[in-house]
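**Student:** Provide a 3D model corresponding to the input given below.
(one chain, ligands or ions: 1)
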Amino acid sequence: MRVAVYPGTFDPITFGHLDIVERAAEIFDIVYVSIGVNPAKKPLFTVEERKRLISNAVTGFKNVEVAEYSGLLVEHARNLGAMSIIRGLRAISDFDYEFQLALMNRKLAGNISTVFLMPHEKYTYLNSSIIRSLSELGQDVSEFVPAAVADALTKKFKV
Ligand code: ADP
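**Tutor:** Have a look, this model is predicted:
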């Protein structure tokens, strides 16, 4: 079984993330989309909300599961029996940080490889933070996120 973990904040999940999930699901037998829980961060959506939105978005993939972790990513990957960590590379600007992270994870767990996947060009400018800002400013984001996510954003920012 080739198991991979795709970690991130997913606050909220976008079509860019889903593009990576789709590519990973074609390569691996099981892909866990895993929410990294960091108590120091103040996300817009709770872990439960993000889990629900991700589960909803990945129902079409038979080999994709949703998980969460706190602490060391490589520990979580080991617990899932994952051989690979999936990361999305949008642009050169992602590379520096991702490169450091991948090398550190390799140092911590030499048998777990980071696999970088590139999304379709139309998603290279997408990130969750821009989506949150646009939605807060009243913009329609349904072009960039699943309908359930767009609805959840509208509800969050409704005054
Ligand atoms: P972000 O807040 O940047 O969306 P996340 O922590 O949720 O970030 O991202 C998790 C992973 O998904 C990272 O590897 C990130 O590079 C990747 N990712 C995020 N958005 C996209 C996108 N539009 N296309 C491809 N990969 C993406």
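
**Student:** give me the residue at the spatial middle of the chain.
**Tutor:** By CA atoms, centre = their mean, the mean C-alpha position of the chain lies nearest to residue 8, the distance being 4.1 Å.

**Student:** so how far is residue 137 from it?
**Tutor:** Noted for residue 8: a distance of 24 Å to residue 137, by CB to CB, to the nearest Å. All C-beta atoms are positioned from the backbone trio N, CA, C, and that covers glycine.

**Student:** residue 68 too?
**Tutor:** 29 Å.

**Student:** looking at those two, which is more packed in?
**Tutor:** Relative neighbour count places residue 68 above the other of residue 68 and residue 137, with 18 against 8, counting by other CB atoms under 10 Å.

**Student:** whichever helix or strand the more buried one is part of close to the ligand?
**Tutor:** For residue 68, the element it lies in under DSSP states H and E is strand 64-69. No: remark: strand 64-69 sits outside contact range of the ligand, by CB under 6 Å from any ligand atom, the gap being at least 12.8 Å.

**Student:** helices of the protein, start to end?
**Tutor:** Listed from the start of the chain, the chain has helices (DSSP state H) covering 15-27, 47-57, 73-80, 92-108, 128-136, 147-157.

**Student:** among the ones you listed, which is nearest the ligand?
**Tutor:** When the helices of the chain are ranked by proximity to the ligand, the top entry is helix 15-27, at 1.9 Å, counting by CB to the nearest ligand atom.

**Student:** for the closest one, packing partners?
**Tutor:** Under the contact definition 3 or more CB pairs under 8 Å, 6 or more residues apart in numbering; DSSP states H and E, helix 15-27 sits against strand 3-8, strand 30-36, strand 84-88, strand 113-117.
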